[in-house]
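J.: Pasting the sequence and the predicted model now:
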Amino acid sequence: MAAPDAPLQSRVVDDKSPICIPFILSQLEAHKEKQSSRAEGGQPPRPFIIGLNGVQGVGKTTLVRALAQTLQERQGLPTLVLSIDDFYLTHADQLALAAAHPDNALVQYRGEPGTHDIPLALSTFTSLLSSQPTHIPQYDKSAYSGLGDRLPPSQWKPVNQTPENPTSLIKVIILEGWLIGFRPLSPETLQARWSTPSPNTKTLHKHTLDSLSFINENLRQYDALTDLLDAFIHIDAEDLSWVYDWRLEQESQLRKETGSGMTDEQVVRFVDGYYPAYELYGDGVREGVFKGDESKRGHQLRLVVGRDRSVQWKEVI
């Protein structure tokens, strides 16, 4: 693994927003046309939902910020940014999940499919899509010495609190996260990938087939979220293993700025916890999260970045 390149962080230029923003605005215009009939019937238009997937350290945060600012300030569209992290299980439920599957290293900590409260996520989206007053769950990753916990409902973020005022209602939702758009595999495909990994496979052999199957079955719940998306952005890497270097660089910078952070060994273990899902489900995202839905052909934008996280090429799927 390459040694962290400390100056790289400061040299990264946002070359993704100039590509993504025009794509999203064109998709948004098409969405508005489809929603015009709702407005004629006296109903508020259904919010436009953008999914954004990218490996850790690739630049999702910068892109989300630019997208939200463009939509909110330049387009005048009330925009809500949601992370899949907002819907993690409570601390107590995560502990119970880990205890129920003590031999499955993938669910001993939050992150993988199965460690989110998908019914809560779906009920939140149901409320948002009908423009009802909604409170957005908030998650504190620092609670319980970093194990994390959901904040009490009294501290959740209120939106759509004045439904009688259409101009204040959420018009765009950005749902971002490292596993947004992942689709489960068939049991046969999962077994084949586990039993005959490719030369580039790094982590699948560290887990039993039962452990991976548990994650795969839980991922089926997430399809209901993916099916809600109107547009999708995927930030991919020419070499997936660079995620280790990017996270090492980020944590090194954090230690310099704050005096605290994970050690290099802790970073590697941290990324190891997510990497099996990248290996299992990344190809499906590359092929298209809307595959088979002709009404959403051309609704996915894929950006492929190099080692310095700059865009090397793009495609619309």
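T.: Now that the structure is in, tell me what you want to look at. Numbering: from 1, shown residues only.

J.: Go ahead and confirm Glu251 touches Met262.
T.: Yes - here Glu251 lies in contact with Met262, judged by CB atoms under 8 Å, at a distance of 5.0 Å. C-beta: built from backbone N, CA, C; applies to glycine.

J.: who does whichever strand or helix holds Ile235 touch, helix- and strand-wise?
T.: Following DSSP states H and E, one finds Ile235 within strand 231-237. Helices and strands touching strand 231-237, by 3 or more CB pairs under 8 Å, 6 or more residues apart in numbering; DSSP states H and E, are helix 17-40, strand 48-54, helix 60-69, helix 275-287, strand 300-305.

J.: Minimum distance to Leu147: which of those has it?
T.: helix 275-287 (20.2 Å; CB to CB).

J.: residues in contact with that closest one?
T.: Helix 275-287 has contacts (CB atoms under 8 Å, 6 or more residues apart in numbering) with 53, 55, 106, 112-113, 179, 181-185, 190, 193, 197, 201-204, 206-207, 212, 215-216, 219, 234, 236, 240, 243, 291, 302, 317.

J.: Just the buried residues of that helix, please?
T.: The neighbour-count check on helix 275-287 (16 or more other CB atoms under 10 Å) flags 275-282, 284-285 as buried.

J.: what's the answer for stretch 208-218, then?
T.: 211-216, 218.

J.: Surely Gly292 is in a strand?
T.: No - using DSSP: H, G, I helix; E, B strand; the rest coil, the assignment for Gly292 is coil, not a strand.

J.: Check Ser252 and give its pLDDT.
T.: The model reports Ser252 with a pLDDT of 89.

J.: nope, Gln43 is what I meant
T.: pLDDT, read off for Gln43, is 72.

J.: try Asp239
T.: So Asp239 comes in at 94 (pLDDT).

J.: ok, it touching Val305?
T.: No - when contacts are counted by CB under 8 Å, Asp239 is not listed as touching Val305 (9.9 Å).

J.: Show me the residue at the heart of the chain, geometrically.
T.: Note on the chain: the residue nearest the mean C-alpha position is Gly177, at 1.4 Å, using CA atoms, centre = their mean.

J.: OK, contacts around that residue?
T.: With CB under 8 Å, 6+ apart, Gly177 has these contacts: 52-53, 83-85.

J.: Next, work out how far apart it and Pro133 are.
T.: 25 Å (CB to CB, to the nearest Å).

J.: same deal with Val159?
T.: 8 Å.

J.: Who has more neighbours out of these two?
T.: Using other CB atoms under 10 Å, the more surrounded residue of Val159 and Pro133 is Val159, with 20 against 11.

J.: and that one, how far is that from Asp283?
T.: Taken as CB to CB, the span from Val159 to Asp283 is 35 Å.

J.: what do you get for Met262?
T.: In terms of CB to CB, Met262 sits 29 Å off from Asp283.

J.: Select only the buried ones of the contacts of helix 275-287 in PyMOL?
T.: Only the buried entries of these go into this PyMOL selection, using 16+ other CB under 10 Å:
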select buried, resi 53+55+106+112+113+179+181+182+183+184+185+190+193+202+203+204+207+212+215+216+219+234+236+243+302+317
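
J.: Just the ones in strands from the contacts of helix 275-287, please.
T.: 53, 234, 236, 302 (DSSP state E).

J.: So, low pLDDT: which residues of the stretch 101-250 of the chain?
T.: Along the stretch 101-250 of the chain, no part satisfies pLDDT under 70.

J.: now the helices for it?
T.: 118-129, 187-195, 209-219, 223-226, 242-258 (DSSP state H, counting those that start in this stretch).
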